[in-house]
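[1] Generate coordinates for the sequence data below:
(chains A and B)
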2 protein chains.
Amino acid sequence: MRQGQGVFQFAASFDSIPLRSIPLKMLTRHTLGNHEQMTHFELLTAEQVNEIHAASLEILENVGLLVRNENARALFARHGCRVDNATNIVKFPRAVVEQYRAAFPPTFTFHGRDPKYDRTIPRDRPVIVTGSSAPDLVDPVTGQVRRAYSDDIARIAHLINALPGYDVFSISTLAEDAPPGYHTIARLYPSVKNCVKPVRCNALNADDAEKILRLGALVAGSETAYRARPFITGHFCPVVSPLTMDVDSTEMLIYFTARQLPNYATIVPNGGMSSPLTLLGTLAQGNAEFLAWATLAQMAHPETPLIYSSLSTLADMRRGNYAPGAIETGMLHIAHAQMARFYNVPSGGYIGLTNSKLNDAQAGYECGMSVVAGLLGGADMFNLGGLLDALTTFDFGKAVTDNEIALMLKRLQRGFEFSRENMSLDLIAEAKPGGTFMDKPQTLDLMKTALFLPDIADRNVRDRWQKQGALDAQARALKRVREILARDNPAVFSPEVDARVRAAFAGLVKGDSVPLNSQQSTVNSQR
Amino acid sequence: MRQGQGVFQFAASFDSIPLRSIPLKMLTRHTLGNHEQMTHFELLTAEQVNEIHAASLEILENVGLLVRNENARALFARHGCRVDNATNIVKFPRAVVEQYRAAFPPTFTFHGRDPKYDRTIPRDRPVIVTGSSAPDLVDPVTGQVRRAYSDDIARIAHLINALPGYDVFSISTLAEDAPPGYHTIARLYPSVKNCVKPVRCNALNADDAEKILRLGALVAGSETAYRARPFITGHFCPVVSPLTMDVDSTEMLIYFTARQLPNYATIVPNGGMSSPLTLLGTLAQGNAEFLAWATLAQMAHPETPLIYSSLSTLADMRRGNYAPGAIETGMLHIAHAQMARFYNVPSGGYIGLTNSKLNDAQAGYECGMSVVAGLLGGADMFNLGGLLDALTTFDFGKAVTDNEIALMLKRLQRGFEFSRENMSLDLIAEAKPGGTFMDKPQTLDLMKTALFLPDIADRNVRDRWQKQGALDAQARALKRVREILARDNPAVFSPEVDARVRAAFAGLVKGDSVPLNSQQSTVNSQR
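    Numbers count the residues shown, from 1 in each chain, chains lettered A, B, ... in the order given. Alright, predicted model coming up:
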């Protein structure tokens, strides 16, 4: 328990970092990003990007933001914003926003428990993150939708750890069985235990946050070790559209930022409901909302790395339905990525979602169209793994087909690998008109690397596919889930670490990934 | 039969156009295309585009093309190419290629039976064309795969005529019941009869071509009327990779071109089999193959409009499977579109294919990822409607979901519609932080136009979706097929025209779209 003792000082020592104003030292533009080297598809001209930026400044200066969190209002006031104490409306002089946005750092790093999985964007783009916090899940055995439990999360973490397309595990579901006070820890423990990749989660309040950090230190061995490699990234949605900062998520953004723990926020305007029912209006307002939280983060701690993360949508007003699988979501991602390049910050968000209730054709094309729009539009990070039904339901099979989509995106990002040699002109001359390339040594050499070779997408002739059971992609994906979950998980940390964690958190959920049996998959699934 | 008499002179009068060398009058670069006004995603730098072009010239000059068609060899020889009469290898001095490619016209028009459906690319991009010539079809009633018949084609034409996403009907399947000598007419007649949109088909030989033209004139009323609006576009694959021109398709390319009838060709190199197993090698060879047929077309008739159409792929060499649904196909389309812009010609091809045997998640994401890659890469034309299993099998439900994909692409092409008004800044100020946009007049005004409202993609909450039968996208699409086919088809031409056509072609198939019954859908389906 020696390490444990260090750990118990951990939250306190984090808390000792005062919430004070830290002077801005460097307002120079950073140049570590590699956006310059890429070409991107653009939906806006450079002039239009300027106009959106100007419109967002106008919104922040004249309409302002309703800030419900007191610490945030204090930070804004201390750094030059005008706070109306009667209404809690904060107005941003444009010089203030311009000053802070010029200092946004150009990169963001996700740390893994294993450093091999560290990912820095935009350099390592596209970074694929799972979708997160679905309350429900499609039971992988019965096919029924039910609440999700901590043992589901353990299995999902096991799966995501094994699937090479994923870079970051953002905890896919809630845990219905979380003991009181363990809302987040009951999700985070099975995640960290079963996955060495960077883990992303939110925190509800200071108590929750302290438990997260304590868990991090216990696993890392000490507070110092965790600080050196903070493998848990905080994520929050402090802005409730239109133009409102809430109490709790805003508090957590400040908490993580002031302690220099990696975190970022996502903006979620929904045109027709919480923003105008036009792409441009939703973009201008969403961009203002990004500038608001990003400016707050810089005020809480200068040079805080961030991600311009978005999930901007237009609502289907026929029934007021949320439509994250719409092509307009993809278009908004392209435009937000363009704004992010204007600010020289990494970008991304919930790109690759679907409204479908099943992993069917709709799930495939809604997801597939958005992610390619996002990638070619310049987004660096994609939250896309495994969610159906507008982020409400996790599906194991979808996580496996999304892994292939992720690998296709990574292949696309690799591009043409231009070289004289790759043009194979000698080979074309050698094969001669009417010849073949099948028997050439180059063909044998390259057959495993020239193209992405999918595991789930079927390319067999029909007869062979039929002999293999005539399964659809979802059935093949579920078969793969079963195979992976039946294997030992090399990610699971040592019994010593586990004992340390369990000793610190009495009554914690088990957190083990148990192979799927033929019955209902979870012991907890009495809904 | 007065008009009929005119018609019988038709083929003869076409034939009277001699296959002579027509001097090039205009070698100036055209400026009618609108490529300049668009931004596109690019996988190659301008310098790399130049290198690919140079590599293709090098291939054509040093390796050459095996040209099996005698007329083509004569045309090449007459216009400055070097023909080896022993080997039938044609070599292209680069000055010859450069001279002809500088005169490629920048636009291509598809004519509809109804002028409302005329489409000119690139202006009207994205132009959506159905996939074509599948031998098989998934029976829409039994779900079994079987050969396709002429009455299937009538139904497909009916469906495509009704679905707004489609611009051109390229005849989706073969017709197993075609009477001898009517191979193409048995496909074309049900198509033209049931669809007023432009129809695309191939022709096997001069006899076939004459029948096509006779049918066109009979439907249009006269040869002159048909010539004014040639609503049948010829399509050929004269180049067999690597670098070979065949006898028959090449003959048809010359035939249509010399008669100034709209037509174009598609190149289909398959890396690892008929081209190098590298993206760059396949691109360089495919580009050479495009230059070869396009140059031949200009030699057959100067200023012949063309499309840089491609279906370049890399083979999955694990089993040598064809992989048109691979992400690499999408990447090759991006690069071919870039080459097409370099040549200032419209581009496109078979973009949005899948290897899947079912309209499942794989079909969705393979198709969805490729089409967005193609659109953002600058392709103007997409052959994508209804094909499964690597172009071998037509599926009615897939044609309906592809229609929605097409409409999503068109929404994407419309872009952000930038205006100060669309930024809705007054509305954002009016709604105030924490307010709502749901009750605003703008929201009501725009609810039907701000975003694409899908018909098949489901956005309901789960309960409502379950009450509606918990159908997947394919089941909903097949329901829509049944509804459309049960309706009268306004496209069907008059009994007079029909009588004229049937009198000219004794023993022709019926060509009527019959509603689906509950049994096997086709009278001909005894496989």
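[2] Count the residues that sit near the residue in chain A that chain B sits nearest to.
    In chain A, no residue comes nearer to chain B than residue A:364, which is 2.1 Å away by Cβ to the nearest Cβ. Using the backbone N, CA and C atoms, a C-beta is placed for each residue, glycine as well. Using other Cβ atoms under 10 Å in any protein chain shown, the number of residues around residue A:364 comes to 32.
[3] mind checking the backbone torsions on the closest residue to it other than its chain neighbours?
    The spatially closest residue to residue A:364, leaving aside those adjacent along the chain, is residue B:364, at 2.1 Å (Cβ to Cβ, 6 or more residues apart in numbering or on different chains). Note on residue B:364: its backbone torsions stand at phi -70, psi -50 [degrees, to the nearest 10].
[4] give the contact list for residue B:364.
    A:360, A:361, A:362, A:363, A:364, A:365, A:366, A:367, A:368, B:401, B:473 (Cβ atoms under 8 Å, 6 or more residues apart in numbering or on different chains).
[5] Now do the third one against residue A:356, distance only.
    Here the criterion is Cβ to Cβ, to the nearest Å. By it, residue A:362 lies 4 Å from residue A:356.
[6] okay, and the common contacts of these two?
    Shared contacts of residue A:362 and residue A:356 (Cβ under 8 Å, 6+ apart): A:325, B:457, B:458, B:472, B:473.
[7] out of those residues, which are inside helices?
    Counted as lying in helices by DSSP state H, out of those, are residue B:473.
[8] What is the most widely separated pair among the shared contacts of residue A:362 and residue A:356?
    Pairwise distances across the shared contacts of residue A:362 and residue A:356 peak at 14.4 Å for A:325 and B:472 (criterion: Cβ to Cβ).
[9] and those two? which has more neighbours close in?
    residue A:325 (28 against 23).
[10] Let me see the contact set for the closest residue in space to the more buried one that isn't next to it in sequence.
    Spatial nearest neighbour of residue A:325, excluding adjacent residues (Cβ to Cβ, 6+ apart): residue A:366 at 3.4 Å. Residue A:366 sits next to A:325, A:326, A:353, A:354, A:355, A:356, B:364, B:368, B:457 when contact means Cβ under 8 Å, 6+ apart.
[11] In CSV: these, plus pLDDT.
    Listed next are the contacts of residue A:366 as CSV, based on pLDDT from 0 to 100:
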residue, pLDDT
A:325, 97
A:326, 98
A:353, 97
A:354, 98
A:355, 97
A:356, 98
B:364, 98
B:368, 98
B:457, 97
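[12] Of these, which is the nearest to residue B:420?
    residue A:326 (24.6 Å).
[13] Could I get the phi/psi values of the residue lying closest to the closest one once chain neighbours are set aside?
    Distances taken as Cβ to Cβ, 6+ apart place residue B:451 nearest to residue A:326, at 5.9 Å, with adjacent residues excluded. With angles defined as degrees, to the nearest 10, residue B:451 sits at phi -140, psi 160.
[14] got a pLDDT number for residue B:451?
    For residue B:451, the pLDDT comes out at 95.
[15] Quick one: residues contacting it.
    A:271, A:314, A:316, A:323, A:326, A:328, B:411.
[16] Figure out the helix or strand that residue A:383 lives in.
    strand A:381-385 (DSSP states H and E).
[17] coming back round to it: out of the contacts of residue A:366, which is nearest to residue B:440?
    Nearest to residue B:440 among the contacts of residue A:366, with distances taken as Cβ to Cβ, is residue A:326, at 20.1 Å.
[18] Contact partners for that closest one?
    Here residue A:326 is in contact with A:313, A:314, A:316, A:355, A:366, B:451, B:452, B:454 (criterion: Cβ under 8 Å, 6+ apart).
[19] Among those, which lie within helices?
    Using DSSP H, the contacts of residue A:326 in helices are residue A:366.
[20] May I ask you to confirm that residue A:128 is in contact with residue A:166?
    Yes: between residue A:128 and residue A:166 there is a contact at 5.3 Å, judged by Cβ atoms under 8 Å.
[21] neighbour count winner among the two?
    Each of residue A:128 and residue A:166 has its neighbours counted (other Cβ under 10 Å); residue A:128 has more, 29 against 26.
[22] helix, strand or coil for the nearest residue to that one once chain neighbours are set aside?
    Nearest in space to residue A:128, with sequence neighbours left out and distances taken as Cβ to Cβ, 6+ apart, is residue A:406 at 4.2 Å. With DSSP: H, G, I helix; E, B strand; the rest coil as the basis, residue A:406 sits in helix.
[23] since we're on residue A:401, how many residues are nearby?
    30.
[24] cool, and residue A:440?
    18.
[25] Tell me how far it lies from residue A:384.
    Residue A:440 is 38 Å from residue A:384, by Cβ to Cβ.
[26] pLDDT below threshold where in chain A?
    A:1-38, A:518-527 (pLDDT under 70).
[27] Is residue A:387 bridged to anything, and to what?
    Bridge pairing for residue A:387 (DSSP bridges) gives the partners residue A:394.
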